[in-house]
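1. turn this into a model:
(one chain, ligands or ions: 1)
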Amino acid sequence: VPFRVLQVGLGPASHRWLQNANDHDDVQIVGVVDVNGSHAREVVQAYGFDWPIFTRLEDALEQAEPTLIFDTAPSDLHAEVTRTALGAGCDVFGEKPMVTDEDDALTIIDLAERTGRTFSVMQNRRHHPGVHALRAAVDAGRLGDVGMLAADYFRPGPDTGFRAELPHQLILDMGVHAFDTARALVGADPVRVSSVEFNPPGSWTRGDAALSCLVEFDSGAALSYRGSWASVGCMTTDQQSWRLAGTHGSALWDGEAAPQLETIRPNAASRYECDGDVLHLPAAEQLPPPTWGPGIPDLRLGTHHREGLAEMLAALRAGRPSATDCRANFPTVAAVFAAMRSARSRQFVDVARLPAAAAATTATTTPIGSNS
Ligand SMILES: NC(=O)c1ccc[n+]([C@@H]2O[C@H](COP(=O)([O-])OP(=O)(O)OC[C@H]3O[C@@H](n4cnc5c(N)ncnc54)[C@H](O)[C@@H]3O)[C@@H](O)[C@H]2O)c1
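-> From the prediction side, this is the model:
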């Protein structure tokens with residue numbers, strides 16, 4: 001089996017990885033790691049597989065001899081897990097955000113370079129068929145020049161776990177999805193960010209639960225991103241609710257259903273007379289029944305981890321960088337760090353760029369990432 005996989009961190013996110021990995025014949029789970037050994041035993045027993053259980057990453061690396069790590073540990077541990085795994089000669093696929101600190105991002109990209117291993121990041125939301133359909137409409141020029149994007153995220157946030165405790169958590173946890181989706185939609189990279197964070201009255205998180213950001217792109221377009229975790233009712237979808245405004249038309253997308261377009265009517269005397277269109281989305285994939293124990297919900301579809309994992313595995317098999325290789329993903333996470341700095345300084349902040357040598361090895365063969 002080419003890919004001997006060690007899954008690190010067995011929280012809710014890990015199920016989407018374990019379940020989708022199970023559908024790839026060349027992937028074998030050779031062990032799982034969780035600091036909470038009894039939780040890990042419960043998970044493994046429920047699946048009914050015979051995965052060896054470890055509570056320390058170092059022991060697992062030595063004894064299970066993995067070649068590929070799936071890192072679904074809490075975000076603030078991604079740097080440590082990735083450094084250890086790359087250092088042990090493994091490739092790494094990690095959950096977003098890549099890491100939570102810019103210096104860590106740069107040193108880990110350098111480490112991947114020096115070890116010759118790959119480090120790719122799960123940015124599942126870019127694989128939503130709505131994103132592909134909107135990007136195709138943008139590429140076909142249907143909206144003209146897209147000058148502004150708007151994304152809203154209003155949902156009740158977590159009141160426990162790492163997300164409720166850390167500062168800038170909404171930017172780190174959800175902003176990272178919005179910034180990456182915006183990059184995938186317009187095929188441009190962020191250059192400057194201004195961001196305001198605040199904790200609305202009655203908020204139940206310790207860090208700031210709400211934000212308003214402006215992210216400027218190298219195409220001249222900008223994303224206005226608003227969000228609040230101290231928000232109940234009239235929820236947006238988890239994928240955010242989107243508007244793209246262009247010189248020939250606009251698009252609205254609720255993050256789930258087929259996006260709607262209104263574009264200037266051909267030969268219309270006025271630029272305000274528009275025709276409506278609804279973009280076609282493919283029917284959801286039909287999967288064979290799961291092969292694991294009863295009582296575990298089938299989570300293979302829905303969040304597009306399936307497509308994200310397939311793209312990263314296809315890239316690794318082909319020996320090419322994935323669309324979300326750490327270098328290609330750096331502008332996404334660098335915009336997150338710029339937003340965090342801006343929220344602290346209340347100034348515009350330039351988005352960091354990779355040193356030229358590292359950026360030169362970035363090769364995103366397709367703008368969003370295909371699975372072939
Ligand atoms: N892409 C997405 O749509 C998406 C969705 C949810 C979560 N995530 C990401 O996945 C990651 C995990 O999220 P979660 O909600 O499952 O987190 P969680 O905190 O609920 O679970 C994390 C698990 O890791 C274990 N753990 C803690 N420290 C560890 C260590 N040192 N070594 C091994 N295991 C350790 C914990 O015991 C727990 O079982 C986060 O980075 C999050 O941002 C991504």
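2. ok, the residue of the chain found nearest the ligand to V43 distance?
-> Here the chain gets closest to the ligand at one residue, G11, 2.0 Å apart by Cβ to the nearest ligand atom. Using the backbone N, CA and C atoms, a C-beta is placed for each residue, glycine as well. G11 sits 9 Å away from V43, going by Cβ to Cβ, to the nearest Å.
3. which one of those two is surrounded by more residues?
-> More neighbours surround V43 than the other of G11 and V43, with 22 against 16 (other Cβ atoms under 10 Å).
4. now name the helix or strand holding the more buried one.
-> Under the criterion of DSSP states H and E, V43 resides in helix 37-47.
5. helix or strand right after that helix?
-> Downstream of helix 37-47, the next assigned helix or strand under DSSP H and E is strand 53-54.
6. could you point out which element follows that following strand?
-> Following strand 53-54 in sequence, per DSSP H and E, is helix 57-64.
7. pLDDT value on R206, please?
-> pLDDT, R206: 81.
8. repeat that for V1.
-> 71.
9. if we ignore the residues flanking it in sequence, what's nearest it?
-> Q28 (4.3 Å; Cβ to Cβ, 6 or more residues apart in numbering).
10. how about T247?
-> G144 (3.4 Å).
11. can you tell me the SS state at the one you found?
-> With DSSP: H, G, I helix; E, B strand; the rest coil as the basis, G144 sits in coil.
12. mind telling me what element V193 is part of?
-> V193 belongs to strand 190-198, assigned by DSSP H and E.
13. just name whatever secondary elements the helix holding V43 is in contact with.
-> Packing partners of helix 37-47 (3 or more Cβ pairs under 8 Å, 6 or more residues apart in numbering; DSSP states H and E): strand 27-33, strand 53-54.
14. residues of the stretch 1-150 of the chain that sit close to the ligand?
-> 8-13, 33-36, 39, 72-75, 77, 95-96, 122, 124 (Cβ under 6 Å from any ligand atom).
15. any stretches of the stretch 251-372 of the chain with poor pLDDT?
-> 357, 359-367, 370-372 (pLDDT under 70).
16. what ranges does it have for its strands?
-> Assigned by DSSP state E, counting those that start in this stretch, the strands in the stretch 251-372 of the chain fall at 260-264, 274-278, 349-350.
17. buried set for the second one?
-> Just to be clear, that refers to strand 274-278. C274, D277 (16 or more other Cβ atoms under 10 Å).
18. over to the first one?
-> Buried residues in strand 260-264, counted by 16+ other Cβ under 10 Å: L261, T263, I264.
19. hmm, back to that, distance to V191 added to the strands of the stretch 251-372 of the chain, as a markdown table?
-> Output for the strands of the stretch 251-372 of the chain, formatted as a markdown table (distance: least, Cβ to Cβ, whole Å):
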| stretch | distance to V191 |
| --- | --- |
| strand 260-264 | 27 |
| strand 274-278 | 31 |
| strand 349-350 | 7 |
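20. those strands: which one's closest to V176?
-> strand 349-350 (16.0 Å; Cβ to Cβ).
21. helices and strands around that closest one, which ones?
-> Counting by 3+ Cβ pairs under 8 Å, 6+ apart, strand 349-350 packs on strand 190-198, helix 326-345.
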